[in-house]
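Asks: Show me how the following folds:
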Amino acid sequence: MSKRKQKPQEINEFETPMTRRASRQSGSGKKRHAEVPFIQGSTDRADLVLAKPTREKAAGNLFTRKIAPIFLSFAIVLAGVYGFATVVLGQDNGTASGALNVAASDQASDTYALGLEAVKNTDENLMAVGNTVAGSGAAILVDGQQIALVNSESEANWVLDSIKNTYTAQNNGTLTSEFQEEVSVSAAAGDPLSREEALIKMTSGGADNTAMVNVVSTEVVETEKTVAYSTEKKNTDSLYKGESKVETKGVNGVTKTTTTISYLNGEETGRESKDTVVTAPVNQVVLVGTKTRPTSSGGGSLSGGGGVSGAPSFRWPTSGRLSSPYGPRWGSFHYGIDIANSYGTPIYAAADGTVTESDDSGWGGGYGYHITIRHNGTYSTRYAHMSKLSVRVGASVSKGQLIGYMGSTGDSTGNHLHFEVIKNGSRVDPVPYLP
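Replies: So this is what the prediction gives:
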């Protein structure tokens with residue numbers, strides 16, 4: 001049996017495989033498929049994304065401007081060729097069954113639709129990549145409003161730090177600065193400025209070329225000062241009138257003053273100070289004598305305390321005036337009394353006793369020519385700065401016996417007798433023991 005030649009199917013050049021499918025199925029009662037419109041200008045939208053002027057790196061520009069359009073064109077052409085080839089091949093092979101030819105056409109339509117969907121997804125992805133590569137940056141916001149856009153967060157921080165570092169400490173203190181407004185940095189897309197351009201805009205972009213932000217600074221200055229001690233005086237009868245003694249030495253204190261100074265854009269707006277005691281001063285205490293000093297009586301004799309019970313009955317060892325009493329003197333302590341008179345004035349033993357020391361060698365430990373007499377097991381007396389000795393060690397002397405003559409030997413500034421009363425090895429004030 002000879003096969004009937006199949007009439008070639010007419011193809012409308014303005015009809016797509018997908019519209020033909022929809023047309024055939026609408027007449028057969030099958031579920032209709034909505035016509036899929038041809039996506040015109042997919043590459044045009046990619047070009048629109050890639051055409052945005054940016055200052056990104058050369059690598060990003062090369063990708064978005066040259067490689068992406070080639071990739072999109074290739075994908076669209078490949079999808080179209082594949083669909084067209086499927087339909088044409090099905091016709092040229094002379095398919096006997098009309099249903100088979102329709103199936104081939106349906107398959108081509110599905111393939112073409114998938115190709116368009118892939119192109120659409122690729123287009124959207126490229127647009128996102130373009131936005132990321134070509135438009136990413138760091139925006140400087142002031143009270144929520146974008147003032148400047150730079151390439152990176154580090155550049156934004158450089159701009160902000162440069163503004164704050166304009167202001168320095170004015171009083172050699174420690175300065176901290178912050179913005180008066182709420183300033184923040186966040187990611188943003190757009191055409192970025194250089195960091196120098198952003199700095200100029202931030203510092204002179206306001207009304208009348210004023211700054212877009214205000215800088216509040218705080219300077220802390222610490223200084224120390226000396227606090228002088230006070231002097232207190234206390235009376236004491238252990239010293240003669242006119243004598244004084246430092247009981248407690250004064251020590252200066254130290255106070256630290258912390259001053260906090262506030263500034264707005266470098267102009268002082270206020271300051272406050274607070275004192276803190278580092279070291280408290282120690283007051284000096286001075287003892288002031290109230291005891292009446294013995295005075296010379298007629299005939300050149302001296303007056304003492306009248307004697308001490310249990311002690312030998314002493315006499316004044318020479319005549320003259322009391323030039324220096326027992327007690328503090330010239331920053332040290334004077335352990336006897338000085339009786340001043342002319343050179344060669346006779347000196348006598350104050351009480352009976354035995355000479356235990358006689359030294360006329362010279363300096364004599366500061367005493368110069370001197371004699372020591374032991375009166376009993378408790379008391380001894382010493383006579384110093386003599387010009388000549390009349391007794392030697394071992395000699396027994398009686399009260400009032402001549403033992404030498406007044407001079408200025410040893411550590412002395414003038415003719416006088418330095419007289420000491422020694423009780424149990426300690427030198428005590430001679431005046432109370434004398435008549």
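Asks: contacting residues around Ser163?
Replies: Quick fix: residue 163 reads Ile, not Ser. Residues in contact with Ile163 (Cβ atoms under 8 Å, 6 or more residues apart in numbering) are 199, 202-203, 211, 213, 215. Any C-beta I mention is one placed from the backbone N, CA and C, and that applies to glycine too.
Asks: Adding pLDDT, secondary structure and neighbour count as columns, could you present those residues in CSV?
Replies: CSV is the format used below for those (pLDDT from 0 to 100; DSSP: H, G, I helix; E, B strand; the rest coil; neighbours: other Cβ atoms under 10 Å):
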residue, pLDDT, secondary structure, neighbour count
Leu199, 96, helix, 19
Met202, 95, helix, 21
Thr203, 94, helix, 17
Ala211, 93, coil, 15
Val213, 96, coil, 20
Val215, 97, strand, 19
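Asks: Farthest pair within the residues you listed?
Replies: The most widely separated members of the contacts of Ile163, counting by Cβ to Cβ, are Leu199 and Val215 (13.5 Å).
Asks: Let me have the contacts of Ile163 in a markdown table, extended by distance to Ala280.
Replies: Formatted as a markdown table, these follow (distance: Cβ to Cβ, whole Å):
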| residue | distance to Ala280 |
| --- | --- |
| Leu199 | 52 |
| Met202 | 51 |
| Thr203 | 50 |
| Ala211 | 48 |
| Val213 | 47 |
| Val215 | 40 |
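Asks: Would you mind listing where the chain has pLDDT under the threshold?
Replies: For the chain, the stretches with pLDDT under 70 are 1-135, 240, 293-303.
Asks: Show me the helices in it, by range?
Replies: 17-28, 42-50, 58-62, 68-92, 98-135, 153-164, 195-204 (DSSP state H).
Asks: Domains in this protein, by residue range?
Replies: The chain breaks down by automatic domain parsing into domains covering 17-134, 138-217, 221-288, 293-433.
Asks: OK, contacts around the nearest residue to Ser412 once chain neighbours are set aside?
Replies: Leaving aside its sequence neighbours, Ser412 sits nearest to His385 (Cβ to Cβ, 6 or more residues apart in numbering; 4.6 Å). Contacts of His385 were listed using Cβ under 8 Å, 6+ apart, and they are 367-370, 406-410, 412, 416-418.
Asks: Asn424 now?
Replies: Per Cβ under 8 Å, 6+ apart, neighbours of Asn424: Thr378.
Asks: does the residue nearest to Thr276 when sequence neighbours are not counted have beta-bridge partners, and which?
Replies: Using Cβ to Cβ, 6+ apart and skipping residues adjacent in sequence, the residue nearest Thr276 is Lys256, 4.8 Å away. Lys256 has these beta-bridge partners by DSSP bridges: Glu224, Thr276.
Asks: What distance do you get for Lys256 to Val282?
Replies: Separation of Lys256 from Val282 (Cβ to Cβ, to the nearest Å): 18 Å.
Asks: so Ala350 sits right up against Pro317, yeah?
Replies: Yes: Ala350 lies in contact with Pro317 (Cβ atoms under 8 Å); the separation is 4.9 Å.
Asks: what's the overlap in contacts for these two?
Replies: 381, 419.
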